[in-house]
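J.: next one to model:
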Amino acid sequence: INPASDLELCDDLSNDGFEEFDLSVQTAIILGSQPATDFSLSYHLSFTDADLGENVLPLTYTNTTINSQPIFVRVESSGDSDCYNASALPVFNLVVNARAIATAPEDMVVCDDPSNDGFATFDLSSQEADILGSQDPTVYFVTFHNSQDDADDNTDELATSYTNVIANQETIYVRVEDRIFPDCYSTTSFDLIVNELPTIVSVSPLQVCDDNTDGFVGFPLNTKVAELLNGQTGIDVSFHETLVGADTDTAEVFDGYINTTMTNQTLFVRLLNTTTNCYNVNTLQLEVLENPIANVTTPLEVCDDNADGLAVFDLSLKDAEVIGSQVGMTVSYYANPADAVAGDNALPTNYTNTIAGAQEVYVRIANSTTGCSATTTLQLIVNPKPLTIAVAAYELCDYNNAGDEEESFDLSTKTDEILDDQVNVAVSYYANPADATAGINAITGSYTNISNPQTIVAVLTNTITNCTSSVTFELIVNPLPSLIAPSSLEVCDD
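T.: Residues are numbered from 1 along each chain as shown. Alright, predicted model coming up:
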């Protein structure tokens, strides 16, 4: 009986110490130069069994003693079973070596840096404890590889400080072995995942018009969310007063936030991917815009043309008064304050009042660049014209140069008749309608008619409103009676 080396197998993942052995691989070694045709060989668990030729083990045999089991051998002549040799001592042992266990760890997941290039550096050694589990790290060694073949062949081991070479997601293969039994290794794998940060885009400042000229105002922060997201989904947006607050998700401020720095302030915006928990920080500029000043207006007055209390107003005549010295402003007019604030339903420039006599309209002044606005009011007043009556003709006798039909008229004597007890009304006289309309060449003092009869235009002017009306009357020069010399009147004396 020739000596033979132990049969060694690696345990399966159960590591229970039992494996199935092929005993026939030892036969040729044990027989050596002895022809297998002349001798038969059997395997036993004890010398007694071998000596007696009992309890022969099957050639495919699973050990019954954990990890190491001695095997005894009986070699006998094929022609004479009584001619045999039995090993008093085990010829070899069945050895089951423990299998190294590679437990699959969790994937290594990180958030990308601001470059968002999909690459990051990972400390692979941080996975070793999970991979080994309860196995002794001084006995079992962990190596990392780029492929399953490299892990199986134990080649091209990766450094534990490793930057992925495939953007965003890469699989790492792991080999665990006991250096004494390197064939009893196991492998597993995990992924390196670099999650993209939410995308940062440049956003326009959030501008709000000042409501009371103090430089502080409430900002509708939520109106900028869509612009900040720029089409991204699954992103939570929050606003913070400081960069530290945005990084730590503290010091959050909300819609309607009032700036704490006069006129301008920077807020920090945290964009959080609700699936990966990766975040990025953007900035938002808050700007308080100055409102224009709506200067107080004086009433816009027109004269009534038909005594109905309604008239057409050219509202643009008040633009300059509302604007004052400001530049870049537009002015519009409205029937109610709500429309003026909203800038809706502006009145036409040539506007007819709807309330007889007097009406208040609302004025909006807006900065053409910023859109900031302010409002004030404007009184529309329809002033009545002076009343007129039918004026009697002004008649004189042709005493001066009788027959020339010209006389000197004192027109002021008609004033009381024309005024008819009206107050705050002045009367002026004109020789023709053109002069009356133009307000030129008013007759003052005595006036000599230039035709007979002659129409005189009297213009009545309200001295407070300057509204005017006119009436005409006639100047008439009546001829003197003709004197005829009578014949003598004769009578007889009695």
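
J.: who's in contact with the helix or strand where S40 lies?
T.: Element membership of S40 [criterion: DSSP states H and E] is strand 39-44. By CB atoms under 8 Å, 6 or more residues apart in numbering, the surrounding residues in contact with strand 39-44 are 23, 26-27, 30-31, 50, 53-57, 59, 61, 71-78. For every residue, glycine as well, the C-beta is placed using N, CA and C.

J.: of those, buried ones?
T.: Neighbour-count burial (16 or more other CB atoms under 10 Å) is assigned, among these, to 23, 26-27, 30-31, 50, 57, 61, 71-76.

J.: just flag the most distant two among those residues.
T.: Y61 and E76 (19.5 Å; CB to CB).

J.: which of the buried ones among the contacts of strand 39-44 fall in strands?
T.: Counted as lying in strands by DSSP state E, out of those, are 61, 71-76.

J.: of those residues, closest to K224?
T.: The shortest approach to K224 among these belongs to Y61, at 77.4 Å (CB to CB).

J.: which residues touch the closest one?
T.: Neighbouring residues of Y61 by CB under 8 Å, 6+ apart: 20-21, 23, 43, 94.

J.: thinking again about what came up before, in JSON lines: the ones in strands among the buried ones among the contacts of strand 39-44, plus pLDDT and distance to V217.
T.: As requested, those are arranged in JSON lines below (pLDDT from 0 to 100; distance: CB to CB, whole Å):
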{"residue": "Y61", "pLDDT": "97", "distance to V217": "90"}
{"residue": "I71", "pLDDT": "97", "distance to V217": "94"}
{"residue": "F72", "pLDDT": "98", "distance to V217": "99"}
{"residue": "V73", "pLDDT": "97", "distance to V217": "100"}
{"residue": "R74", "pLDDT": "96", "distance to V217": "104"}
{"residue": "V75", "pLDDT": "96", "distance to V217": "105"}
{"residue": "E76", "pLDDT": "95", "distance to V217": "109"}
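
J.: quickly name whichever of those residues is closest to Q379.
T.: Looking across those and measuring by CB to CB, the closest to Q379 is Y61, at 117.3 Å.

J.: ok, now how distant is the closest one from R74?
T.: Distance, Y61 to R74, by CB to CB, to the nearest Å: 15 Å.

J.: tell me where the longest strand sits in this structure.
T.: strand 181-195.

J.: now do that one, average pLDDT.
T.: For strand 181-195, mean pLDDT is 97.

J.: could you find the closest non-adjacent residue to the most centrally placed residue in the chain?
T.: Central residue of the chain (CA atoms, centre = their mean): K224, 2.2 Å from the mean position. Spatial nearest neighbour of K224, excluding adjacent residues (CB to CB, 6 or more residues apart in numbering): L206 at 5.5 Å.

J.: re earlier: right, and out of the ones in strands among the buried ones among the contacts of strand 39-44, which lies closest to L284?
T.: For these, the nearest to L284 is Y61 (77.1 Å; CB to CB).

J.: how about the strands in the stretch 251-400 of the chain?
T.: For the stretch 251-400 of the chain, applying DSSP state E, counting those that start in this stretch gives strands covering 252-253, 257-258, 264-273, 279-289, 300-303, 312-314, 329-334, 350-352, 358-367, 373-383, 394-397.

J.: quick one: buried residues of the third one?
T.: Okay, so that is strand 264-273. Judged by neighbour count using 16+ other CB under 10 Å, the buried positions of strand 264-273 are 265, 267-273.

J.: Throw those residues into a markdown table and include distance to C83 and pLDDT, thanks.
T.: Output for the buried residues of strand 264-273, formatted as a markdown table (distance: CB to CB, whole Å; pLDDT from 0 to 100):
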| residue | distance to C83 | pLDDT |
| --- | --- | --- |
| Q265 | 108 | 96 |
| L267 | 102 | 98 |
| F268 | 97 | 98 |
| V269 | 96 | 98 |
| R270 | 92 | 98 |
| L271 | 91 | 98 |
| L272 | 87 | 98 |
| N273 | 83 | 97 |
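
J.: nearest to S482 among the residues you listed?
T.: Closest approach between these and S482, by CB to CB: Q265, at 103.7 Å.

J.: name whatever forms a beta bridge with that closest one.
T.: For Q265, the beta-bridge partners under DSSP bridges are L286.

J.: hang on, it packs against Y257?
T.: No. Counting by CB atoms under 8 Å, Q265 does not reach Y257; the two are 9.3 Å apart.
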